[in-house]
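Q: Give me the fold of what follows.
(one chain, ligands or ions: 1)
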Amino acid sequence: MSVQLSAVDVALGGRTVVSEVDLAVRSGEVFGLVGPNGSGKTTLLRTLYRAVSPSAGCVEIAGLPVADTARRRIARVLAATTQESEHRAALTVREVVAQGRNPHLGLLDRMQDFDRRIIDDALRSAGLADTAERDVRTLSGGERQRVAIARALAQQPRVLVLDEPTNHLDLRHQYGVLALLRELARDGLAVLLTLHDLRQAVEYCDRVAVLEAGRVVAAGTPAEVFDASLLANVFGVRGRLRRRGDRLALDLDGAV
Ligand SMILES: Nc1ncnc2c1ncn2[C@@H]1O[C@H](COP(=O)(O)OP(=O)(O)OP(=O)(O)O)[C@@H](O)[C@H]1O
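A: Coordinates of the predicted model:
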């Protein structure tokens with residue numbers, strides 16, 4: 001299993017914000033974590049790269065127990081984009097994306113042609129080939145989001161974790177990023193992401209888990225999970241799934 005969480009609890013500020021979460025993400029799938037504001041999605045992702053430590057339970061990435069594995073070792077198999085994409089130094093887009101190679105380089109290693117090719121590919125995949133020499137601080141929020149994705153791709157991970165990757169993006173780039181994630185999964189990556197747009201979760205995720213107040217209240221394929229009562233009870237919206245050709249779509253019809 002690429003990502004395995006077993007009975008994970010997280011306490012923050014003296015309060016349990018994630019409770020007894022079991023979750024498994026396989027290579028080759030796009031797995032969506034959805035839930036209302038404050039339900040614990042970001043906190044759960046942060047346990048994967050040791051930004052927070054669970055108060056109970058176990059987190060494993062590609063079979064490595066995160067609690068007992070050096071960060072650098074984890075960074076060779078897992079790349080994450082977070083919501084905090086503040087850049088303070090004057091770096092070009094290419095230089096930021098090149099940081100994705102760091103976990104693979106020894107202290108005295110120099111970047112090889114092989115690394116440069118990976119960086120170019122990552123820039124191209126994220127639609128940044130023409131932006132590569134710009135100062136990253138001058139980019140829009142959406143462009144920075146794509147820089148974060150390109151840096152994660154340059155890491156050549158087995159697991160890609162993205163916190164609201166469609167945030168700040170215009171619609172075309174939202175669908176572009178989601179299509180790219182599907183392609184990466186097809187090539188064998190395990191993709192775990194948080195999403196607020198449930199329609200996108202239905203269209204792009206193989207499986208989803210729904211968090212409510214820190215607990216997983218439903219998990220499975222979108223067809224199994226998103227029934228009218230869950231949409232009303234957890235998200236407070238009216239909606240129903242619909243077949244569109246061979247694909248599933250979600251019709252939303254306002255607040256309950
Ligand atoms: N450092 C912290 N100290 C105390 N409480 C925290 C801390 N970080 C998060 N929390 C609380 O933990 C809960 C879960 O937060 P989290 O950011 O994981 O939710 P989320 O599902 O990602 O929310 P959103 O959809 O709004 O991004 C919230 O109630 C939040 O206020």
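Q: Could you break this protein into its assigned domains?
A: 1-77+157-227, 87-155 (automatic domain parsing).
Q: can I get those in CSV with mean pLDDT, mean neighbour count and distance to the ligand?
A: All C-beta spots, glycine's among them, are computed from the backbone N, C-alpha and C. Output for those, formatted as CSV (pLDDT from 0 to 100; neighbours: other C-beta atoms under 10 Å; distance: least, C-beta to the nearest ligand atom, whole Å):
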stretch, mean pLDDT, mean neighbour count, distance to the ligand
domain 1-77+157-227, 96, 18, 3
domain 87-155, 91, 17, 15
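Q: possible to save these as a markdown table with distance to Gly239?
A: Formatted as a markdown table, the domains of the chain follow (distance: least, C-beta to C-beta, whole Å):
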| stretch | distance to Gly239 |
| --- | --- |
| domain 1-77+157-227 | 7 |
| domain 87-155 | 27 |
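Q: Minimum distance to Arg238: which of these has it?
A: Taking C-beta to C-beta, domain 1-77+157-227 is the member of the domains of the chain nearest to Arg238, at 12.0 Å.
Q: Can you get me the start-to-end distance on the closest one?
A: 28 Å (C-alpha to C-alpha, to the nearest Å).
Q: just stretch 28-45 next, same as before
A: OK, stretch 28-45 end separation, C-alpha to C-alpha: 19 Å.
Q: Please compute how far it lies from its chain's middle.
A: From the chain centre to the centre of stretch 28-45 is a distance of 8 Å (C-alpha atoms, centre = their mean, to the nearest Å).
Q: what's the answer for stretch 120-138, then?
A: 20 Å.
Q: again, but for stretch 82-95
A: For stretch 82-95, the separation from the chain centroid amounts to 18 Å (computed by C-alpha atoms, centre = their mean).
Q: How about stretch 26-43?
A: 8 Å.
Q: circling back to that earlier point, tell me which of the domains of the chain lies nearest to Phe235.
A: Nearest of these to Phe235, taken as C-beta to C-beta: domain 1-77+157-227 at 6.4 Å.
Q: hmm, back to that, nearest to Arg240, out of the domains of the chain?
A: domain 1-77+157-227 (8.2 Å).
Q: just checking, Arg134 touches Ala90?
A: No. Arg134 is beyond contact range of Ala90, at 11.0 Å (criterion: C-beta atoms under 8 Å).
Q: Secondary structure element holding Ala249?
A: Element membership for Ala249, per DSSP states H and E: strand 247-255.
Q: any residues touching that strand, and which ones?
A: Contacting residues not belonging to strand 247-255 are listed as 198-199, 202-203, 222-223, 226, 231, 236-243 [C-beta atoms under 8 Å, 6 or more residues apart in numbering].
Q: element containing Ala223?
A: Assessed by DSSP H and E, Ala223 sits inside helix 222-225.
Q: How about the contacts made by Pro36?
A: Pro36 neighbours (C-beta under 8 Å, 6+ apart): 212, 234-236.
Q: And for Leu189?
A: Leu189 neighbours (C-beta under 8 Å, 6+ apart): 27-28, 157-160.
Q: Note down every partner strand of the strand holding Ala249 and its orientation.
A: With DSSP bridges as the test, strand 247-255 is paired with strand 237-244 (antiparallel).
Q: which outside residues touch the strand it pairs with?
A: 198, 202, 222-223, 226-228, 231-232, 248-256.
Q: Let's see that with 6 Å instead.
A: Here strand 237-244 makes contact (C-beta atoms under 6 Å, 6 or more residues apart in numbering) with 226, 228, 231, 248-256.
Q: Also stretch 82-95?
A: With C-beta under 6 Å, 6+ apart as the criterion, stretch 82-95 contacts 128, 131-137, 144, 147-148, 163.
Q: Return the distance of the helix or strand where Ala185 lies from the chain's centre.
A: Following DSSP H and E, one finds Ala185 within helix 171-186. Chain-centre distance of helix 171-186: 12 Å, with C-alpha atoms, centre = their mean.
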